[in-house]
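Requesting a structural model of the entry that follows:
(4 chains)
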Protein chains: 2
Amino acid sequence: MSDTNNIDKIGQLLRQGGMSVTEKRVQILHLFFAQPGNALRHADIEQQLGSMDRVTIYRTLHTFLEKGLLHTIPNADGTAMYALCKDECHEGHHHDDHVHFLCSQCGVTICLDGIVVPQVKLPQGYAARQMEMVISGTCQTCNI
Amino acid sequence: MSDTNNIDKIGQLLRQGGMSVTEKRVQILHLFFAQPGNALRHADIEQQLGSMDRVTIYRTLHTFLEKGLLHTIPNADGTAMYALCKDECHEGHHHDDHVHFLCSQCGVTICLDGIVVPQVKLPQGYAARQMEMVISGTCQTCNI
DNA sequence: CGCATTTTTGCAACGTTGTTGCGAATTTAA
DNA sequence: TTAAATTCGCAACAACGTTGCAAAAATGCG
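Numbering: from 1, shown residues only, chains lettered A, B, ... in the order given. Just a heads-up that it's a prediction; the model follows:
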């Protein structure tokens, strides 16, 4: 996918979600589209966009979460990770039922979009609403 | 299990792991044995033990993690949760392959020791070392 | 038991992550 | 182009977690 195509798509996505199209939002969303499937932390974005204010990044990530553009990935180390949602996600109604993979060698977090979280039978009395599965190990690149 | 039995067991566990038996360690470990299966956050412990120093709690939790008495549960809200390990866990070699349940109503986190994380087939090139599965919804008590 | 050594604890200070309020700048709509 | 609404940057704050160091407690040994 070409860079200009991404930029067109980004403006469209923002307008579709009822958000105004600002420079900062485009910059942040562009980072996610540059490496689809890869999750980013606040610190990654801050580093790559150098001059952008910390608070703006936090607020933008929250906005994207609310509007269903991003989803979070639970992380043992306590820092929030964000990744692009697929088209089926809408405002307040996520479908991120895929497995996440965390490489313990290079640290990258990847959405395994093709792999759905398997069902489990809960004990009597428990009702499931959401399931999260994170597998850690070594990724394609680090395994060579 | 009676309270005195717990206290005996706690001293034994600490000595077995090569730790000295101190008042603070006994107090913290006792909290976990009081509600087996339930996970605790640093803040829970601080609240229940009122006078204990924050730093001592952090350091004790780390020690118990290292020695294989506790394991962590990844948590979307960013705060670390800790729960007792089963007997099969040893220093540096955890077997916490059970599913964790997080009640979104009362906030409690429970180890579902009977339910093992199901295997998933990863794409070519990925090697799994650890799997985490957290299901959120409503628990037994809140579902009545 | 009493004493020396090792370990643990509490305090203070610091770092990181994330949030809130508010005025200035930007975007949008008319 | 201009007015209203939204977003951005700065400052200040709060929560969570870590580190260094001196006092206190636990352990080991004669």
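
ok, and what's touching whichever strand or helix holds A:L31?
For A:L31, the host element (DSSP states H and E) is helix A:23-34. Helix A:23-34 is contacted by residues A:1, A:6-7, A:9-11, A:13-14, A:19, A:40, A:44-45, A:48-49, A:52, A:56-57, A:60-61, A:63-64, A:69-70, A:82-84 when judged by C-beta atoms under 8 Å, 6 or more residues apart in numbering or on different chains. Yep, even glycine has a C-beta here, placed from its N, CA and C like the rest.

is chain B contacted by whichever helix or strand comes after that helix?
Downstream of helix A:23-34, the next assigned helix or strand under DSSP H and E is strand A:40-41. No. Judged by C-beta under 8 Å from any C-beta of the partner chain, strand A:40-41 stays clear of chain B, getting no closer than 11.6 Å.

what's whichever helix or strand comes after strand A:40-41 in contact with?
Downstream of strand A:40-41, the next assigned helix or strand under DSSP H and E is helix A:42-48. The contact list for helix A:42-48, computed with C-beta under 8 Å, 6+ apart, reads A:28, A:31, A:52, A:54, A:57-58, A:61, A:79-80.

What's the ChimeraX syntax to select whichever of those are buried?
A single ChimeraX command selects the buried members of the contacts of helix A:42-48 (16 or more other C-beta atoms under 10 Å in any protein chain shown):
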select /A:28,52,57,61,80
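
Spatially nearest residue to the most centrally placed residue in chain A, not counting backbone neighbours?
Central residue of chain A (C-alpha atoms, centre = their mean): A:A83, 0.9 Å from the mean position. Sequence neighbours aside, A:A39 is the residue nearest to A:A83 in space, at 4.1 Å (criterion: C-beta to C-beta, 6 or more residues apart in numbering or on different chains).

Where do the strands of chain A begin and end?
A:40-41, A:70-73, A:81-84, A:98-103, A:109-116, A:127-138 (DSSP state E).

Turn those into TSV, including distance to B:G114 and mean pLDDT.
Formatted as TSV, the strands of chain A follow (distance: least, C-beta to C-beta, whole Å; pLDDT from 0 to 100):
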stretch	distance to B:G114	mean pLDDT
strand A:40-41	34	96
strand A:70-73	27	93
strand A:81-84	30	94
strand A:98-103	22	93
strand A:109-116	23	92
strand A:127-138	15	93
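
among those, which is nearest B:G137?
Nearest to B:G137 among the strands of chain A is strand A:127-138; the distance by C-beta to C-beta comes to 4.0 Å.

Please enumerate residues in contact with the closest one?
Under C-beta under 8 Å, 6+ apart, the answer for strand A:127-138 is A:73-76, A:97, A:99-105, A:117-118, A:120, A:122, B:74, B:76, B:104, B:117, B:120, B:122, B:126-138, B:143.

again with stretch A:101-112
With contact meaning C-beta under 8 Å, 6+ apart, stretch A:101-112 is reached by A:37-39, A:73, A:75, A:81, A:83-84, A:96, A:98-100, A:134-139, A:141-142, B:122-123, B:126, B:129.

if we can go back for a sec, can you list the buried residues in the helix holding A:L31?
Under the neighbour-count criterion of 16+ other C-beta under 10 Å, helix A:23-34 has A:25-29, A:32-33 buried.

now do stretch A:13-20
For stretch A:13-20, the neighbour count (16+ other C-beta under 10 Å) marks A:13-14, A:19 as buried.

of those, closest to DNA strand D?
Nearest to DNA strand D among the buried residues of stretch A:13-20: A:M19, at 4.9 Å, using C-beta to the nearest atom of the strand.
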